[in-house]
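Visitor: here you go, sequence then predicted model.
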Amino acid sequence: MLFGFEDMLHSEFTELPFKIMFYVIIFLFGICIGSFLNVVIYRLPDPNSPSILGIGQTKEDKEKASHCMTCGAKIRPIDLIPVFSWIMLRGKCHNCGSKISPRYPIIESLNGLLYVLTFYALDINVKSIITCVVMSLLICIAFIDWDTKEIFISMIAVILILSIPLHILHSLEYEDVTLKSRIIGAFIISVPFFIIGEVSRPIIKKKFGEDFRAIELGDTYLMFAAGAFLGTQAVIVSTFIGIMVAALGGIIVKRMTKDSKFAFGPFLSIGIAVGSLYGNQIAQWYMNMLSTK
């Protein structure tokens, strides 16, 4: 039990003011974490960037990390408030007026909204807390992969590791996802993805002269960890959603860039996020629909 708050949001005895206050606090906390995610997304792919946690940074490094990319003006503390500072500044530097990318408040707001959705869907329990961490990891994975077409194994490893306390602390009590389901889930998507990647690599190299796979290993590892975290049913739903969104996104990307190559990780991350909240319900609804025909 979480200090007596376990499953309070779905209780008919919980008053509306408490729910509203709780969701507001969760959103504000989420956008603060989202501000840190912006730092991770920006710095992690760049080996020359300052440390994400500030470890070993010199005074010069800290000053360099907190300045306008156009004029070099130091960012004021008032300008570091997640989302609200960007709105107050109207998306411009306070010193030179150069535009600040809306991507920063989008990531912050997205993280806050995903935290709210997580607690709304799962209520207050251990699973919600762990799922919020995974949501933040998925945001980092999605945006870094979109920028660099690379997925960091360290982030995937954290998702995989989190499936252990999730199973011990939540699933044994609620019995919603068994250990067998997690083990099967880890392989049911990742193995076909690996086979597709291996088979497609020589075909692509022969036809286009480029050495890459139709499904890269990073995507395969991501679905392995997702399967262990979600279980069999939810990871299948996540994959289906990810592929459908990727098909639509691929059409848009090709029309805009004339390039058929695009990062798959962001779309898989969308599917995993949906599967984390509603994967088992969607799977159950689909099976019930089939049984009634």
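Guide: Looks like it came in fine. Residues are numbered from 1 along each chain as shown.
Visitor: how many residues are close by residue 6?
Guide: 13 (other C-beta atoms under 10 Å). (Each C-beta comes from the backbone N, C-alpha and C, glycine too.)
Visitor: run through the residues that contact it.
Guide: Contacts were defined as C-beta atoms under 8 Å, 6 or more residues apart in numbering; by that measure residue 6 touches 123, 124, 125.
Visitor: how about the residues you listed in a markdown table, adding distance to residue 221?
Guide: A markdown table is the format used below for those (distance: C-beta to C-beta, whole Å):
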| residue | distance to residue 221 |
| --- | --- |
| 123 | 30 |
| 124 | 31 |
| 125 | 28 |
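Visitor: now, which of these lie within helices?
Guide: Among the contacts of residue 6, no residue falls in helices (DSSP state H).
Visitor: how near is the spatially most central residue of the chain to residue 41?
Guide: A centroid search over the chain (C-alpha atoms, centre = their mean) returns residue 138, at 1.7 Å, as the residue closest to the centre. Noted for residue 138: a distance of 12 Å to residue 41, by C-beta to C-beta, to the nearest Å.
Visitor: again with residue 70
Guide: From residue 70 to residue 41 the distance is 20 Å (C-beta to C-beta).
Visitor: then residue 288?
Guide: 40 Å.
Visitor: quick one: low-confidence parts of the stretch 101-250 of the chain?
Guide: Scanning the stretch 101-250 of the chain with the threshold set as pLDDT under 70 gives 171-175.
Visitor: let's have the contacts of residue 6 in JSON lines, adding distance to residue 196 and neighbour count.
Guide: Shown next, in JSON lines, are those (distance: C-beta to C-beta, whole Å; neighbours: other C-beta atoms under 10 Å):
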{"residue": "123", "distance to residue 196": "37", "neighbour count": "17"}
{"residue": "124", "distance to residue 196": "40", "neighbour count": "22"}
{"residue": "125", "distance to residue 196": "36", "neighbour count": "21"}
